[in-house]
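Engineer: Only the shape, not the letters, is given here:
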């Protein structure tokens, strides 16, 4: 065989073995992405709706709550509220409102541990004060939470608090995240897991609604090149133990040159709102305030 033929054959095998860069899917209809440069929004890692049109974000390490008031196409960033009483060594990774004056925070810590704290807080004036805690237990999963991987996602719907950890459970070729539903009146946990839809993504944010005897969950699954809005349904006491997920929208490649690290999610009446952490490894700059039609 002539040398040129050998070269063509070698190139053909090289092309087959070379990895291909994933191309973005169709751009979600109605996608909006606004840059919020305010200093108070640095490093936010959670988002929740307090009142209609009023969303609050929380700073992971500065422990500031920042209200965002939405009116039409405009968003106003209001003065921040300080969270006091956070135990030393805890980062605030998620938040949800129990009602307008009481909220909960998901946390992580820089040590391995068998439980993660979910902090209760009272909101009064310009201060949110830690008033108690719940514990998310990893014992039933047979794992410990790794350093800086904790309860990354929280939501409240009616009498139910839903928490999802950033930890990953692997079984054969499937991946899952630990999930717990806490009955607020009965003060009882039910543990299970939610399916992940990618090979590398982890849950970073959550919002939910109750429809009769079912909970509808929306979550962000992300990891560098992965940025997906996924959804799942659950019974109120998690009798199914394992929740199947589906991809609602793939946002990778549609939010600028480098996909922002979306770590907050909240459901509005007509749109789904998302916010980014702008202090994530090499990603710096304005906070992304993203919305898509619901």
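Structural biologist: Received it, and whenever you're ready, just let me know what you need. Model, not experiment: these values are computed from the prediction. Numbers count the residues shown, from 1 in each chain.
Engineer: Going by C-alpha atoms from here, please, whenever you check contacts or count neighbours.
Structural biologist: Will do.
Engineer: Ignoring the adjacent residues along the chain, who's closest to residue 83?
Structural biologist: residue 128 (4.7 Å; Cα to Cα, 6 or more residues apart in numbering).
Engineer: where's that neighbour, which helix or strand?
Structural biologist: Taking DSSP states H and E as the criterion, residue 128 maps to strand 127-137.
Engineer: Pull up the pairing partners for that strand, direction included.
Structural biologist: strand 81-84 (parallel), strand 115-124 (antiparallel) (DSSP bridges).
Engineer: Report the inter-axis angle for whatever helix or strand comes next after the shortest one versus strand 115-124.
Structural biologist: Read that as strand 81-84. Using DSSP H and E, the helix or strand that follows strand 81-84 in sequence is strand 90-99. For strand 90-99 against strand 115-124, the angle by axes from the mean of the first three to the mean of the last three Cα atoms, to 10 degrees is 50 degrees.
Engineer: excluding its backbone neighbours, what's nearest residue 205?
Structural biologist: Closest residue to residue 205 apart from its sequence neighbours, by Cα to Cα, 6+ apart: residue 153 at 4.5 Å.
Engineer: what's the most buried one of the strands paired with strand 127-137?
Structural biologist: Across the strands paired with strand 127-137, the average number of neighbours (mean count of other Cα atoms under 10 Å) peaks for strand 115-124, which reaches a mean of 20.
Engineer: who touches that one?
Structural biologist: The contact list for strand 115-124, computed with Cα atoms under 8 Å, 6 or more residues apart in numbering, reads 101-108, 128-139, 144-145, 150-151.
Engineer: Any stretches of the stretch 151-294 of the chain with poor pLDDT?
Structural biologist: Within the stretch 151-294 of the chain, the segments meeting pLDDT under 70 span 280-284.
Engineer: just to revisit the earlier point, what's next to the next helix or strand after the strand holding residue 128, contact-wise?
Structural biologist: The helix or strand immediately downstream of strand 127-137 is strand 151-157, counting by DSSP H and E. Residues outside strand 151-157 that contact it (Cα under 8 Å, 6+ apart): 46, 48, 93-98, 105-108, 116, 118, 136, 161-166, 203-210, 215.
Engineer: hang on, residue 290 packs against residue 32?
Structural biologist: Yes: counting by Cα atoms under 8 Å, residue 290 touches residue 32, with 5.5 Å between them.
Engineer: Looking at these two, which one has more neighbours?
Structural biologist: residue 290 (20 against 15; other Cα atoms under 10 Å).
Engineer: ok, now how distant is the most centrally placed residue in the chain from residue 251?
Structural biologist: Nearest to the mean C-alpha position of the chain, counting by Cα atoms, centre = their mean, stands residue 205 at 1.3 Å. Counting by Cα to Cα, to the nearest Å, the gap from residue 205 to residue 251 is 14 Å.
Engineer: Residue 156: neighbour count?
Structural biologist: There are 25 residues near residue 156, going by other Cα under 10 Å.
Engineer: Residue 216 too?
Structural biologist: Residue 216 is flanked by 15 other residues according to other Cα under 10 Å.
Engineer: Show me what the residue nearest to residue 205 is bridged to.
Structural biologist: On the basis of DSSP bridges, residue 153 takes part in beta bridges with residue 164.
Engineer: how far away is it from residue 72?
Structural biologist: Residue 153 is 27 Å from residue 72, by Cα to Cα.
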